[in-house]
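[1] missing the sequence, but the structure's below:
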């Protein structure tokens, strides 16, 4: 409902989450840093990525990501590094492993089930078109004459 | 009751005419009158929920006839109650707890009024008001309904009213008084003091709650034990109306998020956003399946089930937002008592209806048979995809809760998941839409539909290729979104053109404007969807972001524009202080616009906000956000080029307009048609 409603105290301030002084000179590394930080959740905020958040811990995490990237880590190594320290809570994109597989597979499984039900219903629906047996014809006449 | 500090303000508001004590008693009376009206409305709703139902069971015309007047009286009483609460906000009656918490004497009048629903209690009163409004509308426009169906539908509507009014009175009473009213209020959250957001809740609620009518009709039809083409024709306009409002409401919210939050984003997959999106998706599914019931008397059981689920998701949305159980950036009300109450309402209404469905679904045998390649099949595919996509949004929204409660894992599900898991359904839906929409009922010819669409296909693929050639980056998303959106738009155009027959161009062009409005509605809504798909992918793929420190007088380049920071000044607003920059946007030296991005502080609420300044262009928006002053001198500035942003709002609007055209189609306006179709349709 109201998307609105008291919209977050937090939402207003983070407009300048990523500050100019944090940014790396190398545009490729910086773009990778932004890409990663958009998928990392701020551990203390309500549902914001560290890219959007103004909290000090988010700034520290953003700086940490850049440090790791400059040190030569790959994107997934950086993410692993953060998850090792803060837990999977900070991942906005939960990894499809263990029980989280249910989350990822729920949609496709339901889709298959939906298609199955639709096809079955379609088959069932077509049956009345089939010719009636003699016994059924007789019963039909009986009913109609009643 | 109202004594103490608020007296002075009351004197000021009313002028001195009567003795103070008497005036206070009268003021207290007005508030109590609103409270009392709400309690009376609850009583009326109880009558509405029971006697007509009993009457329908006993075939007692007098008892059934009670439903209509009861619905009207309920509306009058709830409206009185809502009017009183509005008055309390406008007059700043600080003896009411909600007014203190959400208003301030210095607040502009518009936001005093919209502050009525800018809080938990008031927003629920609005919910109940709109519910009563729909009930009364069914009573007024339902003259052509069979008496028992009308009585039963209104009774179910009454039951929902009872549940939510009890919720309101027992856990969230807006007429709660303070023994010692303070001199002034704590002000409304400044982010809500905005015209875009002010009208977002009423529209959203008109949509959410509108789905209750489809639910009531579904439950009533289950009680009656019959669903026929006429039922589809009654339910569809209500669903359509609800969907139009929901579309506008979501659009307003998205637009607000775009210009107010200062990120230049328009959708965050936040649980609160999702809870308005799920009923929207299901309403779209319901709109399409009700057509099949209306035209072909098929998919009846599914349509009934969908009506129940769609309103169920409206209530789930209410639960998610009102209980704060799923913490989101929007969550502010964390009150388990309220959450449990809504969960109970949800359980009773969804569970009860589903049990009834299980008992009676067997009685709804399909009449119309159809081949695999037919409009019916295409609409089944539409429904499967929409329902599954709504489910994906649902499971993603509640998964953190499930993981924490059942699996003891603390995890998050955010935008990356939804983008990956939801988008494929939309892509498939958009791909099958044009041929599906052109297939004939009952037995279609897939080859013929495709042949008609060859020009549309070539055109959209070329546009996609053009987009790929013209873009600077190397993303596939932009061109694919362009091709897909164009495919849907040109498909809609091909479809409506095909409706004009096979004669010469002139005759067909002339006939184009005599086509039923429903045809135009379909074309507009589908075209709007295509434009929305394109705009979403364009804004995602081709957005340009720039973050930097800018000195006064400095000019910096921004995606083909030049932006200069002219001045930064302190400015006073009615209830805030602003730091306002003046920035000049030029293109090749020619002036494009002068923009004034601001940072505001609302001292009463103690909250800063960012007011982005936006130049709204046809092909792109220039979006500027002012940040903090830097120690080195100069100001942090974040700027965006938002390509085709206006196309997003335009696409949403076009969808809503299409709904409106369809709603105004002759077959829904001519009551005689509905009556005629009733006669001679045997009970099943």
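    Arrived safely. Computed from a predicted model, the values in this text were never measured in an experiment.

[2] Could you list the residues of the stretch 1-150 of chain B in contact with chain A?
    Residues of the stretch 1-150 of chain B lying close to chain A (C-beta under 8 Å from any C-beta of the partner chain) are B:117, B:118, B:119, B:123, B:127. Where you see a C-beta, it was placed from the backbone N, CA and C, and this is true even at glycine.

[3] Let's see if you can find the most crowded of those.
    residue B:117 (30 neighbours; other C-beta atoms under 10 Å in any protein chain shown).

[4] per-residue confidence for that residue?
    You'll see residue B:117 listed with a pLDDT of 88.

[5] same deal with residue B:320?
    82.

[6] Spatially nearest residue to the residue positioned nearest the centre of chain A, not counting backbone neighbours?
    Nearest to the geometric centre of chain A sits residue A:93, at 6.1 Å (C-alpha atoms, centre = their mean). The spatially closest residue to residue A:93, leaving aside those adjacent along the chain, is residue B:416, at 3.6 Å (C-beta to C-beta, 6 or more residues apart in numbering or on different chains).

[7] and what of residue B:412?
    residue A:41 (4.8 Å).

[8] Which residue would you name as the spatial centre of chain B?
    residue B:246 (2.7 Å).

[9] now it: how far from residue B:239?
    Remark: distance between residue B:246 and residue B:239 (C-beta to C-beta, to the nearest Å) = 10 Å.

[10] Give me the mean pLDDT for the longest helix along chain A.
    What stands out as the longest helix in chain A, according to DSSP state H, is helix A:100-126. Helix A:100-126 carries an average pLDDT of 87.

[11] With stretch B:254-268 instead?
    On average, stretch B:254-268 scores 86.

[12] Check whether that stretch comes near chain A.
    Yes - with C-beta under 8 Å from any C-beta as the criterion, chain A is reached by stretch B:254-268 at B:254, B:256, B:257, B:261, B:262, B:263, B:268.

[13] Cross these against helices and list the overlap.
    B:254, B:256, B:257.

[14] got the contact list for the closest residue to the first one other than its chain neighbours?
    It stands for residue B:254. Closest residue to residue B:254 apart from its sequence neighbours, by C-beta to C-beta, 6+ apart: residue B:266 at 4.8 Å. Listed by C-beta atoms under 8 Å, 6 or more residues apart in numbering or on different chains, the contact partners of residue B:266 are B:254, B:255, B:257, B:258, B:536, B:539, B:645, B:648.

[15] Pull the contacting residues for the first one.
    Yep, that's residue B:254 we're talking about. Shown in contact with residue B:254 (C-beta under 8 Å, 6+ apart): A:3, B:266, B:267, B:648, B:652.

[16] 10 Å - rerun?
    Applying C-beta atoms under 10 Å, 6 or more residues apart in numbering or on different chains to residue B:254 gives the contacts A:3, B:196, B:200, B:265, B:266, B:267, B:268, B:273, B:276, B:648, B:649, B:652.

[17] Tell me how many other residues surround the third one.
    To tie it back to what came earlier, the one meant is residue B:200. 30.

[18] Do you know the pLDDT at it?
    Predicted confidence (pLDDT) for residue B:200: 88.

[19] Confirm for me that it is in contact with residue B:255.
    Yes - when contacts are counted by C-beta atoms under 10 Å, residue B:200 is listed as touching residue B:255 (8.9 Å).

[20] hmm, back to that, the residue nearest to residue A:93 sits in which helix or strand?
    Secondary structure assigned from DSSP states H and E places residue B:416 in helix B:415-438.

[21] Determine the angle, from 0 to 180 degrees, between that helix and helix A:100-126.
    Angle of helix B:415-438 versus helix A:100-126, following axes from the mean of the first three to the mean of the last three C-alpha atoms, to 10 degrees, is 10 degrees.

[22] Could you give the separation of helix B:415-438 from the chain centroid?
    How far helix B:415-438 lies from its chain's middle: 20 Å, per C-alpha atoms, centre = their mean, to the nearest Å.

[23] Flag every buried residue along it.
    B:415-418, B:421-422, B:425-426, B:429-430, B:433-438 (16 or more other C-beta atoms under 10 Å in any protein chain shown).

[24] Determine which two of those residues are furthest apart.
    Farthest apart among the buried residues of helix B:415-438 by C-beta to C-beta are B:416 and B:438. That separation is 35.7 Å.

[25] how near is residue B:193 to residue B:113?
    12 Å.

[26] again with residue B:80
    Residue B:80 is 17 Å from residue B:113, by C-beta to C-beta.

[27] try residue B:192
    Taken as C-beta to C-beta, the span from residue B:192 to residue B:113 is 12 Å.

[28] Please say which of these two ends up with more neighbours.
    Ranked by neighbour count (other C-beta under 10 Å), residue B:192 and residue B:113 place residue B:192 first, with 25 against 16.

[29] That one is in contact with residue B:114, isn't it?
    Yes - contact criterion C-beta under 10 Å: residue B:192 and residue B:114 qualify, at 7.4 Å.

[30] hey, what's in contact with both of those two?
    Joint contacts of residue B:192 and residue B:114 (C-beta under 10 Å, 6+ apart) are B:198, B:200, B:201.

[31] who's in contact with stretch A:83-90?
    Contacts of stretch A:83-90 (C-beta under 10 Å, 6+ apart): A:39-43, A:49-50, A:57, A:61, A:64, A:79, A:82, A:91, A:94-95, A:97-98, A:100, B:400, B:403-404, B:409-412.
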